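1. This is a predicted model, with the sequence first.
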Amino acid sequence: MTNSVHGEGSSLAESGAIPEHVVVLLLEAAQRFLVKLEEALPGGDPRPREYFVKKLLAILDALHQRLNHEAGGELVGNLIRLYAWWGHEIIEASDAADGPRLKRVCAQMGDIRQAWEKVLFQGEGMSEGPSLFL
C-alpha cells in the first residue's frame, strides 16, 4: 500500500505498524469516505462520487492485499468475499444514489473495525494461530 490511500510519505506497511492497527485505520478511513460519498450523492456533478468510490476501492484493495492468503484459512476467505461485496455495494449504491445502502456498508465496516479494536487494544480473541495479515 502506498500513497493512494494516505497521501504523502511512507506507507503504513513500511512504518512497522501492527497489522491489526493498520486494518483499523483503513476501515476508519473507509468509513469517512463513505460518509463523504453519501454527502456527494445529491449533487449533479459525478466527479466527487467517482473520486470517493476510487478511494474506497483502493482501501478495499489495500485490506485485501494485507491478508495472509497462505496461512489465514477460512477467515481470510470470508474477508475476501466481504471486501468484494462491499466494493460491489459501494459502486452500485453510488450509481443509484442509494444512501441507505452506503450506510449499511458503513455500519458493517464499523462492526468489523470494533472487532479488530477489541483484538488490538483489549487482547480479546487473540490466539497463537497463524497471522491473518502479512
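-> Perfect, I can see it now.

2. Arg113 is in contact with Leu25, isn't it?
-> No. With contact defined as Cβ atoms under 8 Å, Arg113 does not count as touching Leu25 (9.3 Å). For the C-beta atoms, the positions are set from N, CA and C on the backbone; glycine is no exception.

3. Please identify the helix or strand for the spatially most central residue of the chain.
-> Of all residues in the chain, the one closest to the mean position by Cα atoms, centre = their mean is Leu27, 4.1 Å from it. Leu27 is part of helix 19-40 when elements are defined by DSSP states H and E.

4. Beyond that helix, next helix or strand please.
-> Sequence-wise, the next helix or strand downstream of helix 19-40 (DSSP H and E) is helix 46-66.

5. can you pull the buried residues of that following helix?
-> Within helix 46-66, the residues scored as buried using 16 or more other Cβ atoms under 10 Å are 49, 52-53, 55-60, 62-64, 66.

6. Tell me the helix or strand right after that helix.
-> For helix 46-66, the succeeding helix or strand toward the C-terminus, using DSSP H and E, is helix 73-96.

7. Just name whatever secondary elements that next one is in contact with.
-> For helix 73-96, the elements it packs on are helix 19-40, helix 46-66, helix 99-117, judged by 3 or more Cβ pairs under 8 Å, 6 or more residues apart in numbering; DSSP states H and E.

8. how big is the angle separating the last one from helix 46-66?
-> Here the directions of helix 99-117 and helix 46-66 differ by 30 degrees (axes from the mean of the first three to the mean of the last three Cα atoms, to 10 degrees).

9. hmm, back to that, okay if I get the helices and strands packed on helix 73-96 as JSON lines plus distance to Leu79 and mean pLDDT?
-> Listed next are these as JSON lines, based on distance: least, Cβ to Cβ, whole Å; pLDDT from 0 to 100:
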{"stretch": "helix 19-40", "distance to Leu79": "9", "mean pLDDT": "95"}
{"stretch": "helix 46-66", "distance to Leu79": "8", "mean pLDDT": "97"}
{"stretch": "helix 99-117", "distance to Leu79": "8", "mean pLDDT": "96"}
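
10. Fine by me, thanks again.
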